[in-house]
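Undergrad: After the sequence you'll find the predicted model.
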Amino acid sequence: MATIKDIAKAAGVSFTTVSNVIHGNTKRVSRETIERIEKIMEEMHYVPNMGARMLVQNQSRIIGVIINEFREDAGGSFRRPFISEILGAIEREIREQGYFMMLYATRSSEELMRLIANWNVDGMITVGLETDVCRKIRDRIRIPVVFTDCYFPDEKNLNVGTQDEEGSFLAASYLISMGHSRIGFVNEVKIEERNVETRVDGLRLKGFCRACREAGIP
């Protein structure tokens, strides 16, 4: 396996110059030299030591992705098309930005807290976690976090999701505009009043009821 010394010798430059190119510190290195070093690295099949790179840059270039394990059977969440689509898009974007994805599915918030505390990640993305778990992460974690598909109303945090209330309102309004008045709202479980603002089904019910109320439908 080729080393930095081998690359430096073949390129006719110093060890430090090659190291700087590998780690992206190229302000004092000419474009011609950079291209020559990169070409030699490719020809010699040089593979950077990720552990050493992390120490030099003080970065792991790893993004932790946490999803909620919704079902008791192993891998239940991964079989849901919605989750698969999100994970695929996240992984693709992380890879294109030169980072790596570390994926973990959990049902235990305390287990999750222990894992996060011991992970050496540069940032974290959560997918579909419960509101109370999101609050724990916000209060305990000091790395950048993006909450995805988490019903976590907090303006101080970056929360990426869909407009469920507005979408349900538009769907119900469309049915009403087509002359329908006996419209049902079907949900998997009973929605408690305290969960209306923090659950996707609660927000959808809220939008549905608003459309009916504005149309004068009891």
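TA: Structure's in. What do you need? Numbers count the residues shown, from 1 in each chain.
Undergrad: following the lowest-mean-pLDDT helix or strand in the chain, which helix or strand shows up next?
TA: Ranking every helix and strand in the chain by mean pLDDT, DSSP states H and E puts helix 50-57 at the bottom, with a mean of 58. Going down the chain from helix 50-57, the next helix or strand is strand 62-68, by DSSP states H and E.
Undergrad: Downstream of that following strand, the next helix or strand is which one?
TA: Immediately after strand 62-68, counting by DSSP H and E, sits helix 81-96.
Undergrad: could you give the mean pLDDT of that next one?
TA: If you average the pLDDT over helix 81-96, you get 88.
Undergrad: List the buried residues of that helix.
TA: Within helix 81-96, the residues scored as buried using 16 or more other CB atoms under 10 Å are 83, 86-87, 90-91, 94. Using the backbone N, CA and C atoms, a C-beta is placed for each residue, glycine as well.
Undergrad: In contact with the residue lying closest to Thr126 once chain neighbours are set aside, which residues?
TA: Leaving aside its chain neighbours, Thr126 sits nearest to Ile66 (4.8 Å; criterion: CB to CB, 6 or more residues apart in numbering). Applying CB atoms under 8 Å, 6 or more residues apart in numbering, we find Ile66 in contact with 104-106, 112, 116, 124-127, 129.
Undergrad: Show me which of those residues is closest to Thr16.
TA: For those, the residue nearest Thr16 by CB to CB is Met124; the value is 34.2 Å.
Undergrad: Tell me what the closest one is bridged to.
TA: Assessed by DSSP bridges, Met124 has beta-bridge partners Gly64, Val145.
Undergrad: Burial check on Gln97, number of neighbours?
TA: 9 (other CB atoms under 10 Å).
Undergrad: for it, phi and psi?
TA: phi -90, psi 0 (degrees, to the nearest 10).
Undergrad: cool, Met102 as well?
TA: Dihedral angles for Met102 - degrees, to the nearest 10 - are phi -110, psi 120.
Undergrad: got it, and the one 3 residues further on?
TA: Phi and psi for Ala105, reported as degrees, to the nearest 10, are phi -110, psi 130.
Undergrad: how many other residues sit next to the residue nearest to it when sequence neighbours are not counted?
TA: Distances taken as CB to CB, 6+ apart place Glu69 nearest to Ala105, at 4.3 Å, with adjacent residues excluded. Glu69: 17 surrounding residues under other CB under 10 Å.
Undergrad: CSV please, covering the contacts of Ile66 and showing neighbour count.
TA: Output for those, formatted as CSV (neighbours: other CB atoms under 10 Å):
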residue, neighbour count
Tyr104, 14
Ala105, 18
Thr106, 17
Leu112, 20
Ile116, 19
Met124, 20
Ile125, 23
Thr126, 22
Val127, 22
Leu129, 23
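Undergrad: coming back round to it: can you list the buried residues of helix 81-96 in JSON lines and add distance to Ala10?
TA: As requested, the buried residues of helix 81-96 are arranged in JSON lines below (distance: CB to CB, whole Å):
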{"residue": "Ile83", "distance to Ala10": "47"}
{"residue": "Ile86", "distance to Ala10": "44"}
{"residue": "Leu87", "distance to Ala10": "41"}
{"residue": "Ile90", "distance to Ala10": "39"}
{"residue": "Glu91", "distance to Ala10": "35"}
{"residue": "Ile94", "distance to Ala10": "33"}
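Undergrad: and of those, the nearest to Ile37?
TA: Set against Ile37, the nearest of these by CB to CB is Ile94 (26.5 Å).
Undergrad: Good, we can wrap up now.
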